[in-house]
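> structure for the following, please:
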Amino acid sequence: MNSEYFGLALNNLRKRKLRSALTVLGIVIAVTTIFVLMSLSLGLKFAVAEQFRALGTDKIFIYPRASLAGPGTGGPIQLSIKDVNVVERVSGVKGVSYSVAAPAKISFEDEIRFFTVIGFPFEKSDVFVESGAYKSEEGRVLDGGDEGNVMVGSHYKHNRLFSEPVRARDTLNIQGNDFEVQAILEPIGNPGDDRLVYMSIEEMRELFNIPNRVDFVVAQIESGQDIKSVAEKIQKKLFNSRDVDEKTRDFTIQTPEELLSSFSGVLNIITGFLLAVAGISLLVGGIGIANTMYTSVLERTKEIGIMKAIGARNRDISSIFILEAGFLGLAGGSLGVFFGWLIGEAIEFVTVRQFGTTLLQTQTPLFLFLGCLVFAFFSGMFFGALPAIRAGKLRVVDSLRYE
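Here you go, the predicted structure:
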């Protein structure tokens, strides 16, 4: 393609600045939307992957099949201590921990709130703490001999769940009983997790009258063992002990890789749907480009005739108009990428500062910038193709007579 075409195309757009600016607006909106959605989607995938990497690759997670009652509410499908003992005896399992969850009335400085409390066995705290990647920001993580104490998520200190921030050694009243806060945990990034309270499972069972129920089991495998093989052994043992089979199974076993794959699948579906919505904006912007190019062809009919009269071929005329449409798309794409980056950064700042979550962070790799720009350029060319072809097919005599 002749390099002079680029100069002619740019010069024609400069002569029609206002129309060009209005035309690219639709492309700006579309590319902005696409850039924000993609950067947030990539950021969410990265955050989820980081959390699963923190769990390690040697954990197997077991929990009851989902029911309408929801986790931690004592629905019809439950695990029990018997199931924990079965898992513990499976060959290849190094250690097992488990937990129970329940909504609780929590008081602090005469203020009452309702949050979820998690109970876990202190004698198995190593596996539990490692499975959740819990780290203490203030105080010490709960361990054997710490009955009467609790540890709380970061929101209690940083996000003002109460009027005053909760600190280590403060007292929380849970279900009418006082507990000293032994540790404030570092942020996990999920608001739900960062509002949890953790205590001894024995005290939990007494407070909430949960004598045998287990909501979640985590098994750590021995070094050198194949995690899928151990997971299959656990499944077979639980099938026998719970008297179920593949069709009637009432529990779920997942490895970190399977959990990550499930999350990624859901994220891809959500991202695809949102991008389809953004495609509507792109269609509107593309129609604007096509309309502008058709108008430009009409205005410059005589100019096209003169160009043909001095030797310009059909493809020369079409190439100039296609490039103009491409440059309109590229201009809109450039602005869209810029505004998309600003909006993404603003969303990340607000969610981290106001909601204490790192899940809505953005990832803006170079390929995202370049991909959006290339996409916008070729989208402009696509929508400008028909008017460009029409311009190339105009007859010389008719064009020169056009007023």
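> ranges for the helices of the chain?
Secondary structure of the chain (DSSP state H): helices at 4-15, 17-55, 81-88, 125-132, 155-158, 201-208, 227-242, 256-299, 301-309, 314-350, 366-383, 385-393, 396-401.
> how close does the nearest residue to residue 144 once chain neighbours are set aside sit to residue 150?
Using C-beta to C-beta, 6 or more residues apart in numbering and skipping the chain neighbours, the partner closest in space to residue 144 is residue 122 (4.8 Å). To be clear about C-beta, it is placed using only N, CA and C from the backbone, and glycine gets the same treatment. Noted for residue 122: a distance of 12 Å to residue 150, by C-beta to C-beta, to the nearest Å.
> about what we covered before: I figured the residue nearest to residue 144 hits residue 145, correct?
Yes. Counting by C-beta atoms under 8 Å, residue 145 is a contact partner of residue 122 at 7.3 Å.
> looking at those two, which is more packed in?
Comparing residue 122 with residue 145 by other C-beta atoms under 10 Å, the one with more neighbours is residue 122, at 18 against 10.
> and the more buried one, what is it in contact with?
With contact set as C-beta atoms under 8 Å, 6 or more residues apart in numbering, residue 122 has these partners: 142-147, 200-201.
> among these, which two are most distant?
Spanning the widest gap among the contacts of residue 122 are 145 and 201, at 14.3 Å by C-beta to C-beta.
> can I get the helices of the chain in TSV including mean pLDDT, distance to residue 117 and mean neighbour count?
Formatted as TSV, those follow (pLDDT from 0 to 100; distance: least, C-beta to C-beta, whole Å; neighbours: other C-beta atoms under 10 Å):
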stretch	mean pLDDT	distance to residue 117	mean neighbour count
helix 4-15	57	64	14
helix 17-55	76	22	20
helix 81-88	92	19	16
helix 125-132	84	14	20
helix 155-158	89	13	22
helix 201-208	92	7	18
helix 227-242	91	27	17
helix 256-299	73	24	16
helix 301-309	67	76	17
helix 314-350	83	29	21
helix 366-383	86	41	18
helix 385-393	72	63	19
helix 396-401	53	80	14
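> looking at those, which is nearest to residue 98?
Among the helices of the chain, helix 81-88 sits nearest to residue 98 (C-beta to C-beta), with 5.1 Å.
> so which elements touch that closest one?
strand 93-108, strand 213-214, strand 216-221, helix 227-242 (3 or more C-beta pairs under 8 Å, 6 or more residues apart in numbering; DSSP states H and E).
> would you format the ones you listed as CSV with distance to residue 375 included?
As requested, these are exported to CSV (distance: least, C-beta to C-beta, whole Å):
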stretch, distance to residue 375
strand 93-108, 45
strand 213-214, 50
strand 216-221, 43
helix 227-242, 39
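> for residue 47, find the nearest of the ones you listed.
Closest among the helices and strands packed on helix 81-88, using C-beta to C-beta: strand 216-221, at 20.9 Å.
> where's the nearest residue to residue 279 once chain neighbours are set aside relative to residue 313, distance?
The shortest distance from residue 279 to any non-neighbouring residue, by C-beta to C-beta, 6+ apart, is to residue 30 (7.7 Å). Separation of residue 30 from residue 313 (C-beta to C-beta): 33 Å.
> likewise residue 188?
Residue 188 is 65 Å from residue 313, by C-beta to C-beta.
> and what of residue 104?
Taking C-beta to C-beta, one finds residue 104 at 79 Å from residue 313.
> more neighbours: these two, which one.
It is residue 104, of residue 104 and residue 313, that has more neighbours when counted by other C-beta under 10 Å, with 19 against 11.
> what is the burial count for the residue nearest to that one when sequence neighbours are not counted?
Nearest non-adjacent residue to residue 104, counting by C-beta to C-beta, 6+ apart: residue 117, 4.3 Å away. Residue 117 has 26 neighbours, counted by other C-beta under 10 Å.
> from what I can see residue 117 touches residue 99, true?
No. Using C-beta under 8 Å, residue 117 is not in contact with residue 99; the gap is 10.2 Å.
> could you check the pLDDT of the residue nearest to residue 144?
We note a pLDDT of 88 for residue 122 in this prediction.
> do the same with residue 313
Looking at residue 313, its pLDDT reads 75.
> rewinding a little: CSV please, covering the contacts of residue 122 and showing distance to residue 264.
CSV is the format used below for the contacts of residue 122 (distance: C-beta to C-beta, whole Å):
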residue, distance to residue 264
142, 33
143, 35
144, 38
145, 41
146, 37
147, 40
200, 36
201, 33
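> what's the closest of these to residue 211?
Nearest to residue 211 among the contacts of residue 122, with distances taken as C-beta to C-beta, is residue 201, at 11.2 Å.
> what's the closest non-adjacent residue to the closest one?
That would be residue 119: by C-beta to C-beta, 6+ apart, it lies 3.9 Å from residue 201.
> in the sheet, who's paired with the one you found?
Beta bridges link residue 119 to residue 100, residue 199, judged by DSSP bridges.
> that one against residue 206, yeah?
No. The pair residue 119 / residue 206 is not scored as a contact, 9.7 Å apart, by C-beta under 8 Å.
> closest one to residue 373 among the helices and strands packed on helix 81-88?
Per C-beta to C-beta, nearest to residue 373 of the helices and strands packed on helix 81-88: helix 227-242, 42.3 Å.
> contacting residues around the closest one?
Counting by C-beta under 8 Å, 6+ apart, 57-58, 60, 62, 82-83, 86-87, 89-93, 219, 221, 244-246, 249-251, 253, 255 sit against helix 227-242.
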